[in-house]
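Colleague: have a look; sequence and predicted model below, questions after that.
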Amino acid sequence: MHSKIPKQFDPRPANSTQSSAREAWRMFEIIAEFVTATERLRAIHPAVSIFGSARVKPGEPYYGLAEDIARRLSDAGFAVISGGGPGIMEAANKGAFAGSSPSVGLNIQLPHEQHANHYQDISHTFQHFFARKVMFVKLSSAFVMLPGGFGTLDELFEVLTLVQTGKVRRVPLILVGSTFWKGMGEWIRERLAVDGMVGPDDADLLQVIDDPQAVVDAIFHHYHARGFELSPSEREAEFAL
């Protein structure tokens, strides 16, 4: 038996007018964050985003691998974008910083773990995660995923979902570190695909590549015929992110 809400009950807080005003101003703050980021970062093109754990230390194999990939991408003409923090993000910015194209950090205000690294030609800090995610997607012609935790997986599956559903064009999604990603790849193919949770070809949206130069070559191969510019329909779809 369900209890009935008394008719005199008013679910609005006593200070609902004040709360509504705060929410309205918050929306203006969010809009301003998008506008500021778009205006400041719109010239970054073409660009590749590199993701991975903030906990990887300099001198560790994945740090060196990320730095190598970023340097090659930078010298090949790609701006390299990271989350702007330590670990793989620092390695990506460091490699790009030593190269010929811009090193970009899209930083986020966090109560712990995140601090801006010192290898950024362009550094922009976000307050809201979702605004930062939108800019990663809008700016990037490819995504390179090194081993990482929840944040890396979140970014990976966010982009996968957008590509799978046609909200953005198909872009290279490259997983670096075959041993690390092996179990996830098998789970997608042998569980998600077999059970019909994803399409039979959805696993093919991902590439697993360990060699740094092969990462760069795969991105160029993808864009060899079509170029980096968005088509009118792709640009229109991007507005609906």
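Modeller: That came in fine, so what should we check first?
Colleague: name the surrounding residues that touch the strand or helix carrying residue 159.
Modeller: Per DSSP states H and E: residue 159 is located in helix 150-164. Residues outside helix 150-164 that contact it (CB atoms under 8 Å, 6 or more residues apart in numbering): 51-54, 83, 133, 136-137, 143, 145-146, 167-171, 173, 175, 198-199, 202, 205-206, 241. Any C-beta I mention is one placed from the backbone N, CA and C, and that applies to glycine too.
Colleague: same thing with stretch 116-131?
Modeller: Counting by CB under 8 Å, 6+ apart, 29-30, 33-34, 37, 40-41, 44, 84-86, 89-90, 93-94, 96-97, 102-109, 132, 135 sit against stretch 116-131.
Colleague: what about 6 Å?
Modeller: Contacting residues not belonging to stretch 116-131 are listed as 33-34, 40, 84, 90, 93-94, 97, 102-109, 132 [CB atoms under 6 Å, 6 or more residues apart in numbering].
Colleague: now do the nearest residue to residue 109 once chain neighbours are set aside against residue 24, distance only.
Modeller: Of all residues not flanking residue 109 in the chain, residue 127 sits nearest, at 5.5 Å (CB to CB, 6 or more residues apart in numbering). If you measure residue 127 against residue 24 using CB to CB, to the nearest Å, the figure is 17 Å.
Colleague: how about residue 72?
Modeller: Here the criterion is CB to CB. By it, residue 72 lies 47 Å from residue 24.
Colleague: looking at the two, which one has more neighbours?
Modeller: Taking other CB atoms under 10 Å, residue 72 and residue 24 do not tie; residue 72 has more neighbours (19 against 9).
Colleague: in the lowest-mean-pLDDT helix or strand in the chain, what's buried?
Modeller: Sorting the helices and strands of the chain by mean pLDDT, DSSP states H and E puts helix 232-238 at the bottom, at a mean of 78. Of all the residues in helix 232-238, those buried under the rule 16 or more other CB atoms under 10 Å are 237, 238.
Colleague: average model confidence for the longest helix along the chain?
Modeller: Across the chain, the longest stretch assigned as helix under DSSP state H is helix 16-41. Averaged over helix 16-41, pLDDT sits at 84.
Colleague: quick check: next helix or strand after it?
Modeller: strand 47-51.
Colleague: note down every partner strand of that next one and its orientation.
Modeller: Next to strand 47-51 in the sheet, as set by DSSP bridges, lie strand 79-82 (parallel), strand 142-145 (parallel).
Colleague: just the C-alphas of that strand, formatted as PDB.
Modeller: C-alpha atoms of strand 47-51 as PDB (Å, rounded to 0.1, in the frame of the first residue of the first chain):
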ATOM      1  CA  ALA A  47      44.700  17.700 -32.700                       C
ATOM      2  CA  VAL A  48      45.000  14.300 -31.000                       C
ATOM      3  CA  SER A  49      43.900  13.700 -27.400                       C
ATOM      4  CA  ILE A  50      46.000  11.400 -25.200                       C
ATOM      5  CA  PHE A  51      44.500   9.800 -22.100                       C
END
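Colleague: helix 16-41 and that one, what's the angle between them?
Modeller: Here strand 47-51 runs at an angle of 120 degrees relative to helix 16-41 (axes from the mean of the first three to the mean of the last three CA atoms, to 10 degrees).
Colleague: gap between the longest helix of the chain and the chain center?
Modeller: Helix 16-41 has its C-alpha centroid displaced from the chain centroid by 22 Å (CA atoms, centre = their mean, to the nearest Å).
Colleague: could you pull out the buried residues of that helix?
Modeller: Within helix 16-41, the residues that count as buried by 16+ other CB under 10 Å are 33, 34, 37, 41.
Colleague: much appreciated, bye for now.
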